[in-house]
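S.K.: With the input below, show me the fold.
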Amino acid sequence: MREHVIVASTTDSETTARELAVQAVEARLGACAQIVGPIVSVYRWDGEVHADPEWRVEIKTAADRVAPLVELIKRQHDYQVPEIIATPIEGGSAEYLEWLIAETRPA
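M.R.: Model prediction:
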């Protein structure tokens, strides 16, 4: 995995999305997070197709912080099987990426 990562998850409310984002940043497991929504997610659950409003949380982090961030999301999430996807960041502003690493280190 690359050094910089975006971890994305979805929730059923803006409030829950905001809580996940704040907890990740406060714990220094993410440098920053954006909340996108509402969006509509179409998925199959218990044999039925659903189309529900959701909010996506995108957390920018360092690769070595992904595992504890995933654990935080699982612990705090109210879905039985929350979406948690880590995508490597292939490039970007060197200054921003340095800041991202610095913000995910203990204070």
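
S.K.: Is residue 58 in contact with residue 33, as I believe?
M.R.: Yes - taking contacts as C-beta atoms under 8 Å, residue 58 lies within contact range of residue 33: 6.4 Å. Backbone N, C-alpha and C define where each C-beta goes, glycine included.

S.K.: What is the longest helix of the chain by residue count?
M.R.: As assigned by DSSP state H, the longest helix anywhere in the chain is helix 14-26.

S.K.: Between residue 58 and residue 33, point out the one with more neighbours.
M.R.: Taking neighbours as other C-beta atoms under 10 Å, residue 58 and residue 33 compare with residue 33 leading, 23 against 18.

S.K.: Relative to residue 43, how far out is that one?
M.R.: Residue 33 sits 23 Å away from residue 43, going by C-beta to C-beta, to the nearest Å.

S.K.: Could you identify the helix or strand that succeeds the longest helix of the chain?
M.R.: Next along the chain after helix 14-26, taking DSSP states H and E as the criterion, comes strand 32-45.

S.K.: buried sites along that following strand?
M.R.: 32-33, 37, 41 (16 or more other C-beta atoms under 10 Å).

S.K.: CA-only coordinates of that strand in PDB, if you can.
M.R.: C-alpha atoms of strand 32-45 as PDB (Å, rounded to 0.1, in the frame of the first residue of the first chain):
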ATOM      1  CA  CYS A  32      -8.900  15.400   7.600                       C
ATOM      2  CA  ALA A  33     -12.200  14.100   6.400                       C
ATOM      3  CA  GLN A  34     -14.800  15.200   4.000                       C
ATOM      4  CA  ILE A  35     -18.500  14.300   4.100                       C
ATOM      5  CA  VAL A  36     -20.300  14.000   0.900                       C
ATOM      6  CA  GLY A  37     -24.100  13.600   0.700                       C
ATOM      7  CA  PRO A  38     -26.700  12.900   0.600                       C
ATOM      8  CA  ILE A  39     -26.000  10.200  -2.000                       C
ATOM      9  CA  VAL A  40     -28.200   7.300  -3.000                       C
ATOM     10  CA  SER A  41     -26.700   3.800  -2.500                       C
ATOM     11  CA  VAL A  42     -28.200   0.800  -4.300                       C
ATOM     12  CA  TYR A  43     -27.300  -2.500  -2.800                       C
ATOM     13  CA  ARG A  44     -28.600  -6.000  -2.100                       C
ATOM     14  CA  TRP A  45     -29.200  -6.900   1.600                       C
END
